[in-house]
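1. Here you go, sequence then predicted model.
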Amino acid sequence: MTDCLFCRIVAGEIPATVVTETDTTLAFRDIDPKAPTHVLVIPKEHHQAIGDVDPVLAGQILATAHQVAKSESVDESGYRLVFNTGKDGGQTVFHVHCHVLGGRGLTWPPG
């Protein structure tokens, strides 16, 4: 999709600070971090919401998110994975993405 911000990041048209990459996923730092560790994990293929993703790809997204938590050294202290879905769910970029948040105590409910 040419008008999708995250598809343009995958294509290299828009720069991003890449944390890790696999054949199917890309992880990069959020430009407006909400925690000391705030990394987005996206599938390289365009899917609008997590419900559109097949279980194998969903597992790959989760595996990359855990790899990010380990590389950012928040895997033992704790971290949060967030998928915002739809406008009321807080999704602002309509390409599925998982937020990996950590590096401080995270409150509940989130907001």
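-> Received, thanks.

2. pull the longest helix from this structure.
-> Under DSSP state H, the helix in the chain containing the largest number of residues is helix 55-71.

3. can you pull the buried residues of the following helix or strand past it?
-> Moving toward the C-terminus from helix 55-71, the next helix or strand (DSSP states H and E) is strand 79-82. When neighbours are counted by 16 or more other CB atoms under 10 Å, the buried residues of strand 79-82 are found to be 79, 81-82. Where C-beta positions appear, they are placed from N, C-alpha and C, glycine not excepted.

4. Can you give the strand pairings for strand 79-82, parallel or anti for each?
-> With DSSP bridges as the criterion, the sheet partners recorded for strand 79-82 are strand 98-102 (antiparallel).

5. got the contact list for Thr17?
-> Applying CB atoms under 8 Å, 6 or more residues apart in numbering, we find Thr17 in contact with 28-29.

6. ok, back up a step: could you list every helix and strand in contact with the longest helix of the chain?
-> Using 3 or more CB pairs under 8 Å, 6 or more residues apart in numbering; DSSP states H and E as the contact criterion, the secondary-structure elements in contact with helix 55-71 are strand 18-21, strand 25-29, strand 37-43, strand 79-82, strand 98-102.
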